[in-house]
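1. predicted model and sequence below, questions to follow.
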Amino acid sequence: MAGLFASPKGVAEYVPPDSERFLAVRIALSAPARRAGYGYIELPIFEDTALFVRGVGESTDVVGKEMYTFTDRGDRSLTLRPEGTASVVRAAIEHGVLQGTLPVKLWYAGPFFRAERPQQGRYRQFQQVGIEALGVNDPALDAETIALADEALRSLGLSNFRILLNCLGDAESRPGYREKLLTFLRGLDLDEATQARAEANPLRVLDDKRPQVQRQLADAPLIVDSLSDSAAQHHQQVRAYLNDLGIAFEDAPKLVRGLDYYTGTTFEVVHDGLGAQSAIGGGGSYDSLIGDLGGPDLPGIGFALGVDRTLLACDAEGIDLGAHPSCDVFLVPLGVGAKQVLVKLAAELRMAGIRVDMAFGDRGMKGAMRAADRAGARIALLVGDREISSGVATVKDLATSEQVEVSADSLVDFIQEKLR
RNA sequence: GUGGGUGUAGCUCAGCUGGUAGAGCGCCCGGUUGUGAUCCGGGUUGUCGCGGGUUCAAGUCCCGUCACUCAUCCCA
């Protein structure tokens, strides 16, 4: 039915029963981090625009053309958050949590916004689950971060994904490499936009996916060949830890990612069954972001996993996420008196932790039983004048069609036992 | 921004070279005066995306427009 309104362009909406699958994915993605000492952080959906400009980087596509920016009534420029790391770092600094034991481990989940052309797996409002570990530079922490992403995806039953790994170098190795790469890029036949990108941030040209560009990049100088001793050692240790953990990864020397704050370890998780938008997650470390946002000079590392895309990956792999029935017991009242009894019983059963729904409206017995079936209930509980006068309820097992009368006193216990 | 595809019942879709709209699923009712799923019978739903044009006649052809979608770019 065409109503008066449609959802804004490009937002991902989930209604039952699909929404149950979405929830299952979101919960699964955060579970490994919660087991690894990450605390939940609830962040604002909008922030000072300057936070993203400074944090994500002016030369990025995200800041350059994808932000939902507006002015509030106090003439402040605010932006719907396009990513989570800048907010986490801002909040960590603001609340002084970096004064405590390091690393500070935080996870978040929720919607993010980018004004792009929507397509399969790319939405203007999309959902991420992310983690950030702030304050410590340790290859073991880098490896743990990647392991948590791997574990999150595997816990859903996913297997057709690959982890791409690279190292973008530290403050010592970066400037020299940047010059070397820029010199190389200037000698190529690139379109105007790409030339401009090369001047602004030469690294970003490396992961241009267009064949005509990639062909020219075959002999490009690689970051891994220009790493400082300490950066190279760090990178080797991350790889060794991952090997110890049995986590398969592919070296991707041209993986850069589009956010300017990344330094050092960088990774991306791609799935081959999703069409063009194949990245279901990604992350890396950032040595100077915390300092750039006015905090102490500390590093951080984290990742974000896309819930929408992970759900698509589950679909692509035919994974059964367990569409749970929404109730255990469905109450069927026959008559007004019965409804009074059952409304109270519903509350009582729910207090006991049982999932209960009941027939509303006046659809009659047949309709009520049908509703019980549609609700996926295991038990239908019928009460009418007969039951009321003898102080019992009729309990019907919907799978076997067997039914028994149970006295009102022992009803809750009986049902709990039966559902066990 | 730039290209391609598609817009018909709640959902998935059919509708040949123009002749006044269909299937499956769902939903509702009945087959038991208090019993679902199964089975049987019956029924329900459409400004055929919107606007204009051609024609005796347009879901079908033409133009425009909007929406959705896929791809490019980039990212989750």
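-> Received the coordinates, thanks.
2. element containing the closest residue to residue A:67 other than its chain neighbours, please.
-> Of all residues not flanking residue A:67 in the chain, residue A:79 sits nearest, at 4.9 Å (C-beta to C-beta, 6 or more residues apart in numbering). All C-beta spots, glycine's among them, are computed from the backbone N, C-alpha and C. Following DSSP states H and E, one finds residue A:79 within strand A:77-80.
3. report the strands that pair with that strand, each with its relative direction.
-> strand A:46-48 (antiparallel), strand A:68-71 (antiparallel) (DSSP bridges).
4. how about it and RNA strand B, any contact?
-> No - Strand A:77-80 lies out of reach of RNA strand B by C-beta under 7 Å from any atom of the strand, never closer than 12.7 Å.
5. gap between that strand and the chain center?
-> From the chain centre to the centre of strand A:77-80 is a distance of 22 Å (C-alpha atoms, centre = their mean, to the nearest Å).
6. can you check stretch A:248-267 too?
-> 19 Å.
7. anything in that stretch near RNA strand B?
-> Yes - residues of stretch A:248-267 are located near RNA strand B by C-beta under 7 Å from any atom of the strand, namely A:256-259.
8. for the helix or strand that contains residue A:265, name the packing helices and strands.
-> In the assignment (DSSP H and E), residue A:265 maps to strand A:263-271. Judged by 3 or more C-beta pairs under 8 Å, 6 or more residues apart in numbering; DSSP states H and E, strand A:263-271 is in contact with helix A:139-155, strand A:161-167, helix A:229-245, strand A:279-286, strand A:300-306, helix A:307-316.
9. mean pLDDT lowest where, among the strands paired with strand A:77-80?
-> Looking at the strands paired with strand A:77-80, the lowest mean pLDDT belongs to strand A:68-71 (a mean of 93).
10. mind putting the helices and strands packed on strand A:263-271 into CSV with mean neighbour count and distance to RNA strand B?
-> Listed next are the helices and strands packed on strand A:263-271 as CSV, based on neighbours: other C-beta atoms under 10 Å; distance: least, C-beta to the nearest atom of the strand, whole Å:
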stretch, mean neighbour count, distance to RNA strand B
helix A:139-155, 21, 10
strand A:161-167, 22, 11
helix A:229-245, 16, 18
strand A:279-286, 25, 4
strand A:300-306, 26, 2
helix A:307-316, 23, 4
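11. can you add mean pLDDT and give the ones you listed back as CSV?
-> Listed next are the helices and strands packed on strand A:263-271 as CSV, based on pLDDT from 0 to 100:
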stretch, mean pLDDT
helix A:139-155, 98
strand A:161-167, 96
helix A:229-245, 97
strand A:279-286, 96
strand A:300-306, 97
helix A:307-316, 92
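12. how much space separates residue A:202 from residue A:321?
-> Distance of residue A:202 to residue A:321, computed by C-beta to C-beta, to the nearest Å: 42 Å.
13. and those two? which has more neighbours close in?
-> residue A:202 (21 against 17; other C-beta atoms under 10 Å).
14. hmm, that one is touching residue A:186, no?
-> No - under the criterion of C-beta atoms under 8 Å, residue A:202 makes no contact with residue A:186, lying 9.3 Å away.
15. which residue packs closest to the closest residue to RNA strand B within the stretch 101-250 of chain A, ignoring adjacent ones?
-> Here the stretch 101-250 of chain A gets closest to RNA strand B at one residue, residue A:120, 2.7 Å apart by C-beta to the nearest atom of the strand. Excluding its sequence neighbours, the residue lying closest to residue A:120 (C-beta to C-beta, 6+ apart) is residue A:275, at 4.6 Å.
16. for the one you found, pull up the helix or strand it's in.
-> Per DSSP H and E: residue A:275 is located in neither a helix nor a strand.
17. that one: neighbour count?
-> Taking other C-beta under 10 Å as the definition, residue A:275 ends up with a neighbour count of 14.
18. quick revisit: of the residues of stretch A:248-267 next to RNA strand B, which is the most crowded?
-> Most crowded among the residues of stretch A:248-267 next to RNA strand B, counting by other C-beta under 10 Å, is residue A:259 at 25 neighbours.
19. tell me the contacts of that residue?
-> By C-beta atoms under 8 Å, 6 or more residues apart in numbering, residue A:259 lies in contact with A:56-57, A:60, A:62, A:83, A:85.
20. dump the residues you listed to TSV, plus secondary structure, pLDDT and distance to residue A:221.
-> Converted to TSV, these look like this (DSSP: H, G, I helix; E, B strand; the rest coil; pLDDT from 0 to 100; distance: C-beta to C-beta, whole Å):
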residue	secondary structure	pLDDT	distance to residue A:221
A:56	helix	94	26
A:57	coil	91	22
A:60	coil	89	22
A:62	helix	92	26
A:83	coil	96	29
A:85	helix	97	28
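21. give me the residue from chain A nearest RNA strand B.
-> For chain A, the residue closest to RNA strand B is residue A:258, as judged by C-beta to the nearest atom of the strand, at 1.1 Å.
22. identify the residues contacting that residue.
-> Here residue A:258 is in contact with A:60-62, A:204 (C-beta under 8 Å, 6+ apart).
23. any regions of the stretch 301-420 of chain A where pLDDT drops low?
-> A:323-325 (pLDDT under 70).
24. how about the residues of it near RNA strand B?
-> Checking the stretch 301-420 of chain A against RNA strand B by C-beta under 7 Å from any atom of the strand, the hits are A:304-306, A:308-309, A:334, A:363-367, A:369-370, A:372-374, A:380, A:382-387, A:394, A:396, A:398-399, A:401, A:403.
25. got the domain ranges for chain A?
-> Per automatic domain parsing, the structural domains of chain A span A:18-173+A:227-316, A:329-419.
26. what is the end-to-end distance of the last one?
-> End-to-end distance for domain A:329-419: 9 Å, by C-alpha to C-alpha, to the nearest Å.
27. swap in stretch A:109-119?
-> Termini of stretch A:109-119 sit 22 Å apart (C-alpha to C-alpha).
28. give me the contact list for that stretch.
-> A:9-10, A:26, A:29-30, A:43, A:45, A:62, A:65-68, A:80-84, A:122, A:124-130, A:275-277, A:307.
29. distance of residue A:159 relative to residue A:318?
-> 11 Å.
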